[in-house]
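[1] Turn this into a structure:
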Amino acid sequence: MSVESFEPIASQRRRRQDPAINVPRLVQFLLARVDEDESEIKRAARQSKAPTEPAAQQTRPTIVVQNPTRWREECAAKRRIIGIAQQMLVLRDQPAEQVVRRAAEQVLRELAAPYAQHYGYQPEWRS
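    Sure, this is the predicted structure:
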């Protein structure tokens, strides 16, 4: 066996030693980012239908929305994933259930990773 085959086990050990994260705060952060993404999608869709405004008047970067329905569905999927992770965290205090709790926390951390540059992102959420 190669060293690479043991890497996931080492990662799991590191996660076990990580301090507990504030899950409600992380969930609140994620839902707020999904809300922002949805607002940006709506704004971009409106702009694509409206006459083009000069670049100097644009105050925020515009995301390219080829298919707004697909992006809205992605936001809805993120909300469902966050909800599933929350359900996995409920009453998971028994020793045998800690694996489920850690996995759910890891899912939430991974969902937050693209927003690492956001001012509200917390360092303890890094995977």
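[2] Can you classify the nearest residue to G120 once chain neighbours are set aside by secondary structure?
    Counting by C-beta to C-beta, 6 or more residues apart in numbering, G120 lies nearest to F29, which is 5.5 Å off, once chain neighbours are set aside. Using the backbone N, CA and C atoms, a C-beta is placed for each residue, glycine as well. For F29, the assignment made with DSSP: H, G, I helix; E, B strand; the rest coil gives helix.
[3] I'd assumed Y121 was in contact with F29.
    Yes: the pair F29 / Y121 is scored as a contact, 7.1 Å apart, by C-beta atoms under 8 Å.
[4] who's in contact with L108?
    L108 is in contact with V23, L26, V27, L30, I82, A85, W125, counting by C-beta atoms under 8 Å, 6 or more residues apart in numbering.
[5] That should have said E105, apologies.
    I21, V23, A85, L89.
[6] Determine the number of other residues adjacent to the second one.
    Translated: V23. Counted with other C-beta atoms under 10 Å, the neighbours of V23 add up to 15.
[7] And it, what's its pLDDT?
    With respect to pLDDT, V23 scores 91.
[8] Excluding chain neighbours, what is closest to it?
    L89 (6.0 Å).
[9] ok, the one you found to N22 distance?
    Computed with C-beta to C-beta, to the nearest Å, the distance linking L89 and N22 is 12 Å.
[10] Kindly report the same for R102.
    For R102, the distance to N22 - C-beta to C-beta - is 15 Å.
[11] between the two, who's got more neighbours?
    R102 (17 against 13).
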